[in-house]
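Peer 1: Would you be able to build a 3D model of this:
(2 chains)
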Amino acid sequence: KAGVTQTPRYLIKTRGQQVTLSCSPISGHRSVSWYQQTPGQGLQFLFEYFSETQRNKGNFPGRFSGRQFSNSRSEMNVSTLELGDSALYLCASRNMGQGNEKLFFGSGTQLSVL
Amino acid sequence: GESVGLHLPTLSVQEGDNSIINCAYSNSASDYFIWYKQESGKGPQFIIDIRSNMDKRQGQRVTVLLNKTVKHLSLQIAATQPGDSAVYFCAENSRQETSGSRLTFGEGTQLTVNP
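Peer 2: Modelled structure (predicted):
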């Protein structure tokens, strides 16, 4: 079974631009979560999607948004990029159901904002 | 100027020794805990998990201990190998009212195994 796939692997953008990152979960996993990882803040939760609905949201500004499609694939978007948005963005999927909190992570998209 | 950021705890061990990585968690209501290993350039990889109704759980070469009284979690790696060199994160699950789930991660520990 293929793991969580994230594209692109690397991105370089300039301040003020917007970016869209893509994630394909493990087959059969219907929940997708996004995390931001930086040396300064560690791993921070962005949001979780299930059945095309945002179920949970972290403490990030409205410039960070996401969506999920009917095939469970997810995208996240960051608008008006700032230098501080440079980070590794990690997508994770899991099975829904009681006791299924285990997240499976992709390799991430490394975003550099210049 | 000096950069401000998380100071990653480090642990250096000799190959073949046992390693113990510690973690303090914050939410006494958390009911699920998990350890991840992250190698350079990769996403976090699941190692072992434990529920709050347990004190200890063993896997292959790894053991997780949970002390709810002092909100402490530890990961023990037996016969540490060079391939175990990585950053190790603990995480706690905070169940959300919306039936969602979110993991709160610790700062991580850099484990270095010397041959």
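Peer 1: Mind picking out the helix or strand in chain A with the poorest mean pLDDT?
Peer 2: Ranked by mean pLDDT, DSSP states H and E, the helix or strand of chain A with the weakest confidence is strand A:53-57, at a mean of 91.
Peer 1: export that strand as PDB, just CAs?
Peer 2: The C-alpha coordinates for strand A:53-57 follow below in PDB (Å, rounded to 0.1, in the frame of the first residue of the first chain):
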ATOM      1  CA  THR A  53     -15.200  19.200   5.900                       C
ATOM      2  CA  GLN A  54     -12.700  20.900   8.200                       C
ATOM      3  CA  ARG A  55     -13.100  19.100  11.600                       C
ATOM      4  CA  ASN A  56     -10.400  20.800  13.600                       C
ATOM      5  CA  LYS A  57      -8.300  23.900  13.200                       C
END
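Peer 1: and it, what does it pack onto?
Peer 2: On a contact count with 3 or more CB pairs under 8 Å, 6 or more residues apart in numbering or on different chains; DSSP states H and E, strand A:53-57 meets strand A:42-50. Using the backbone N, CA and C atoms, a C-beta is placed for each residue, glycine as well.
Peer 1: burial measure for residue B:8, as a count.
Peer 2: 12 (other CB atoms under 10 Å in any protein chain shown).
Peer 1: before we move on, what about residue A:113?
Peer 2: Residue A:113, neighbours per other CB under 10 Å, totals 19.
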